[in-house]
Structures are given as C-alpha cells and as structure tokens.
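> Provided below for reference: sequence and predicted model.
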Amino acid sequence: MLPFIRHRWPRAVFPMTILVIVVLAIGLLLLISPRAAAAQDLTRHSAMLILRGEDTLAFERVARTATHVRAEVLGPGQPRVAVVHELGADHLIRRTVFEVFAPNAADGATAIQTGSVDFLGDTAVMEFVAGGQTRTIRVATPPGTLPIINNDLVVVEQAVRRARALGVDTLSVPLFALSAAQVIDGRIEFIAADTVRFTIMQNVTIVAVDAQSFVTGGSVPSVGLQIVVIEGAPALAMRAGRPNYAPPANAPYTAEEVIVPTRAGHTLAGTLTLPSREAGTRGRLPAVVTITGSGHQDRDEFVPIAGGYRLFRQVADTLGRRGIAVLRMDDRGIGGSGGDPLGTSADFADDIRAAVAYLRTRPEIDPARIALVGHSEGGMIAPMVAADDRRIAAVVLLAGTAYTGRQIIDYQIANSVRGSNIPEAQQDSAIAAHAAQFDSTTGRSAWMQYFMAYDPQPTARRVRQPTLILQGATDQQVRKEEAELLDRAMRAAGNRRVTLRIFPDQNHFFIHDPNGHPAGYTALKSANVEPVVLGTLADWLVETLRRN
C-alpha cells in the first residue's frame with residue numbers, strides 16, 4: 001500500500017509502507033535457516049495453524065530446546081523471516097537473530113536482510129544489514145521486554161511462563177517489534193487456568209496453554225480465525241503452497257500465466273485474464289495493467305488482514321466479467337518475478353512500461369485501449385507512465401498520493417503518536433523521537449529517499465488522459481485532501497476529463513471502516529473491496545475504453 005509503514009521487510013530497514021505499527025493477526029512468515037544459529041538438539045517440534053474455516057492462512061513451525069527457540073511461519077505469497085531466540089533467565093530472551101527473504105524465495109535463497117537484536121538491561125541493540133549497508137540502532141526498553149514478530153506465538157509461551165513464575169494472573173509485557181524497532185504494549189491475562197487473553201494494541205488473541213506453557217490452540221475472535229496445533233513429525237512435514245491465481249469456477253474469462261520481459265534484463269511473472277468469446281466479446285479487447293502499492297507485493301496485492309485482502313484479484317474478476325482484460329504482476333524480486341526488489345518508484349515505473357509494451361504485442365489486445373490502475377504507491381507510479389506515453393488510454397488512481405513522501409511520513413508519525421496512549425504532554429517529544437529514529441534507519445534506504453523527495457503534483461499536471469480518482473474518506477494513510485489536490489492540479493493544467501469520487505466510511509483499502517486508522521485494521525471483519533468502488537471503477541473503464 002503506500003503510506004502506511006506496515007510489516008514489509010525488504011525496501012527499508014523493516015517491512016514498512018510508511019509508518020504505523022500494526023500487529024496483524026496473520027503476518028510475517030518465518031523460515032528456519034541453517035545460517036541463523038548453530039545446530040541444536042531439537043527436542044520439541046510443533047506447528048500452529050491459523051485457519052479461517054477450512055482454509056489455512058498461515059502456520060508457524062517451532063522447534064525448542066532448553067536454550068534456544070527456532071520458529072518459522074509459512075504461507076503462500078508472504079515474506080519469510082528466519083528467527084532464532086536465545087533464551088535467558090526469568091523466561092526472557094537474551095538475543096534474537098533473523099534473516100529476511102522475499103516472498104516465495106526458494107530454500108537456499110540469499111536473504112535480502114539479516115540482523116540481530118541483543119537485549120542488554122534497559123536497551124535493545126539492533127544490528128542489521130540491508131542493501132549492502134550495515135546499521136546499528138539502540139532503543140530504550142522497559143524491564144521484561146520480549147521480541148515479537150507478527151503472528152509469532154513463541155512470545156505468548158514466554159509471557160505465560162513469566163506470569164506463572166511470578167505467580168500473577170495479569171502481566172504487562174513490553175514487546176520489541178522487530179519489524180519497526182519500537183516497543184509496543186502487550187498484556188497477558190489468565191481467564192482460566194489453561195486459557196489466556198493476549199492483547200497487543202487492543203488486538204486480542206485467546207490462547208489455550210498446557211501445564212508446560214505450550215500453546216495448544218486458540219482463536220482471534222475479532223476476525224474469526226482459529227489456531228490449531230500439531231505436534232511432532234507432522235509439523236516438520238508441513239510446506240506452504242504456491243498462491244492460486246486461477247479464475248473461479250464458471251468465470252466468463254480465462255487466466256493465463258505470462259512472463260513479461262523488461263529492458264533491465266529481468267522478467268516479471270503475471271496473470272493475464274482474458275474475457276471469453278462466449279461472454280459476447282468481439283474483436284480486440286481493452287486491457288488494464290494493475291500497479292501495486294509500496295512494499296513487496298504479489299500480483300493480487302495480498303495483505304494479511306481480515307483473512308486476506310486481494311485488491312487486484314477482485315479488480316481482475318470484476319473487469320473480466322465486463323469484457324476488459326487485466327494483466328497483474330508480481331513485483332520485481334517477488335513471487336515468480338526476477339530483478340532487484342530494492343529499487344525506487346522510478347524503477348518500478350519502468351516495469352509497468354514493460355507490461356504495457358508486452359500487452360501491445362498480444363493479438364487479443366487493442367493497443368489503443370490500454371489503461372493503468374494503480375493503488376497507493378501505484379497511484380503515484382501510474383501518472384509517471386501515462387505522462388510520458390500518450391498512447392495510454394486512461395488512468396485510475398486508487399488512494400494515489402499528492403504530497404511528497406516527507407509530508408506523508410511526518411503526518412503518519414504524528415497521527416500514530418496522537419492516536420496512542422502516550423500522555424498528551426509527552427506527544428511532541430515522542431513525535432520528534434520517532435521522526436529521528438525513522439530518518440536514521442528506514443529513511444536511509446534508496447526507495448525511501450526517492451519517495452520522500454518526489455512531488456507527485458508536477459507529474460499529475462502532465463497527464464492528459466481521462467483520469468478517475470477514487471478515495472476513501474476515512475483513509476488515514478493517504479488523506480482525502482490528496483485526492484482533491486490531484487483533481488485540482490490536473491484540471492488546472494488543462495485536463496478536463498478528470499473524475500473524482502470520494503467514498504464515505506472507507507479506508508485506504510476501500511473497505512468499510514468508519515475510523516480508518518491503521519491500528520484498527522486487525523479488527524476489520526471483511527477483506528473485500530466495497531462493491532460500489534468496483535462498480536464505479538468498472539463502469540468508468542467500460543465507458544472510457546469503449547470503441548470510438
């Protein structure tokens with residue numbers, strides 16, 4: 001997505017789309033790596049599956065000895081992070097070593113980020129290597145701080161052990177979020193002898209534990225997820241499958257796996273959906289290229305909230321039923337795509353140009369009726385491509401940006417602090433401290449530096465194609481005023497074919513959400529884009545791309 005620093009490790013220090021920490025109910029995937037720690041005599045193996053109905057959304061595999069815990073969470077199309085926790089006294093963790101891999105990276109692949117965190121009294125010292133650069137940061141930590149990675153239930157087991165050793169039914173647990181190098185609040189409460197409520201930033205998981213404090217099951221009631229535990233050899237045998245990009249049964253379109261060559265020399269893997277002739281389509285088809293938001297995205301723009309958000313799968317399905325072909329691709333270095341994932345928005349714009357060029361070679365596609373649909377950072381990239389290619393027929397911006405990245409980041413940092421439980425008198429100093437930490441870590445990456453300096457408005461003024469701007473009114477990542485600024489900038493520059501629609505009570509993902517703050521994403525009941533958004537998008541594209 002764009003400006004919401006969520007948990008995406010590769011482009012910056014951590015997995016961020018621009019700055020608010022949200023502990024997702026289904027998050028990072030952990031992969032055991034032989035480089036992460038010396039071999040241990042592993043004495044206990046388990047796997048914790050996260051289920052929605054009969055669907056496995058992710059699973060965590062854990063191997064524990066008396067001195068170390070190694071964990072892995074696996075799930076199709078998601079990042080992989082190898083972690084090893086070195087256990088210390090009082091059921092704390094003295095040191096955590098991690099390696100980060102791109103989604104769908106093969107075993108033995110090179111990590112795109114490595115690092116470690118040492119917990120030294122009142123300080124966590126993190127050292128990490130990303131993009132060939134080594135950095136060290138120090139973060140003040142309260143007593144009893146435990147490291148956490150999204151969806152890592154090891155921290156629950158450690159917290160339960162600490163509470164039982166202290167003889168308390170309720171225990172505040174400061175959590176050092178590896179994905180943001182920041183301390184967040186956690187809490188363990190026994191609601192029965194074998195059941196605890198684990199709360200992180202108002203997000204609640206109910207966990208069953210045995211006498212040895214091992215997790216035996218649980219649920220995330222707010223989003224209807226279940227946690228099921230498997231012990232022993234079956235846990236070792238579990239593997240994550242490849243995402244399924246096939247169309248639903250009886251869909252009036254086909255889905256073809258394609259490879260798109262680029263001028264940079266790498267190839268991009270994608271899915272091209274083509275409306276069937278039986279559906280009444282005749283002649284060469286209009287087509288859309290989708291452009292994902294920031295962070296490393298698969299072709300669906302999968303986000304692990306409310307059971308799995310897949311914006312561009314919904315877009316492809318909707319447009320396929322309306323006679324429009326859709327090409328959606330894995331980002332470079334992600335899924336089946338090659339290339340260096342540590343590029344800038346300008347580099348990703350070149351990948352979209354390659355996708356457009358590829359569509360123009362397809363005999364089924366009308367080269368005069370190719371449109372771009374971009375979300376968040378994709379809404380920033382689409383005008384870059386369209387402004388320099390007048391053959392692009394139309395542009396759709398979903399929560400596209402109008403401010404510089406510096407302005408967006410400053411807003412998000414302040415908004416995050418203002419919405420936290422930090423006392424009002426301390427908020428200004430907290431904002432300054434968060435901004436300084438951001439600038440010294442994430443702000444140094446090539447992608448972030450480009451993003452912070454880039455001003456979308458001059459490019460928007462050069463767009464002459466028909467443009468549809470869609471925006472959620474409650475979006476607290478890209479505010480609705482940015483959509484209004486884009487609309488005014490394009491019209492002032494002479495583009496009279498601009499349409500702006502702002503949808504009440506919809507957030508950055510175009511999901512019903514009267515609040516819209518990223519901290520509330522884990523409580524969302526639905527991961528589906530609102531039908532009115534998809535309908536507006538489809539109606540406008542059908543009308544705009546109709547044959548003259």
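Looks like it arrived, so ask away.

> pull out the buried residues from the helix or strand of the chain with the lowest mean pLDDT.
The weakest-scoring helix or strand in the chain, judged by mean pLDDT, DSSP states H and E, is helix 233-237 (a mean of 72). Of the residues in helix 233-237, those with enough neighbours to count as buried (16 or more other C-beta atoms under 10 Å) are residue 235. C-betas here are computed from N, CA, C, even on glycine.

> tell me the helices and strands packed up against that helix.
In terms of contacts (3 or more C-beta pairs under 8 Å, 6 or more residues apart in numbering; DSSP states H and E), helix 233-237 is packed against strand 44-52, strand 55-64.

> so what touches the first one?
The reference is to strand 44-52. Around strand 44-52, the neighbours that count as contacts under C-beta atoms under 8 Å, 6 or more residues apart in numbering are 25-26, 56-65, 151, 153, 214-215, 220, 223-236, 238, 307-308.

> swap in 6 Å and give it another go.
Residues outside strand 44-52 that contact it (C-beta atoms under 6 Å, 6 or more residues apart in numbering) are 26, 56-64, 153, 225-232, 235-236, 238, 307.

> mind listing the strands the helix or strand hosting residue 137 pairs with, and their directions?
Taking DSSP states H and E as the criterion, residue 137 maps to strand 133-140. Neighbouring strands of strand 133-140 in its sheet, by DSSP bridges, are strand 123-130 (antiparallel).

> ok, and the closest non-adjacent residue to the residue nearest to the spatial centre of the chain?
Among the residues of the chain, the one closest to the centroid is residue 303, at 4.9 Å (C-alpha atoms, centre = their mean). Of all residues not flanking residue 303 in the chain, residue 309 sits nearest, at 4.1 Å (C-beta to C-beta, 6 or more residues apart in numbering).

> got it, and residue 257?
residue 271 (6.2 Å).

> residue contacts, the one you found?
The contact partners of residue 271, by C-beta under 6 Å, 6+ apart, come to 245, 255, 299, 328.

> closest to residue 185 among these?
Using C-beta to C-beta, the shortest approach to residue 185 within the contacts of residue 271 belongs to residue 299, at 36.0 Å.

> before we move on, what SS does that closest one have?
When the structure is split into helix, strand and coil by DSSP: H, G, I helix; E, B strand; the rest coil, residue 299 lands in coil.

> burial measure for it, as a count.
Residue 299: 28 surrounding residues under other C-beta atoms under 10 Å.

> burial of the nearest residue to it once chain neighbours are set aside, as a residue count?
The shortest distance from residue 299 to any residue other than its chain neighbours is 4.1 Å, reached at residue 328 (C-beta to C-beta, 6+ apart). Other residues near residue 328 number 27, with proximity taken as other C-beta under 10 Å.

> residue boundaries of the helices in this protein?
154-166, 233-237, 311-320, 345-359, 377-388, 405-418, 424-440, 446-453, 456-460, 480-492, 531-544 (DSSP state H).

> low-confidence ranges in this structure?
Scanning the chain with the threshold set as pLDDT under 70 gives 1-42, 54-55, 75-78, 104-107, 130-131, 237-242, 278-281, 307, 441, 547-548.

> domain-wise, how is it divided?
Domain assignment for the chain, taken from automatic domain parsing, gives 1-233+404-454, 258-403+455-544.

> ranking those by burial, who's on top?
For these, the largest average neighbour count (mean count of other C-beta atoms under 10 Å) is found in domain 258-403+455-544, namely a mean of 21.

> gap between the two ends of that domain?
Using C-alpha to C-alpha, to the nearest Å, the end-to-end distance of domain 258-403+455-544 comes to 26 Å.

> quick one on the thing from earlier: any chance of JSON lines for the domains of the chain, columns distance to residue 250?
Putting the domains of the chain into JSON lines (distance: least, C-beta to C-beta, whole Å) gives the following:
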{"stretch": "domain 1-233+404-454", "distance to residue 250": "20"}
{"stretch": "domain 258-403+455-544", "distance to residue 250": "11"}
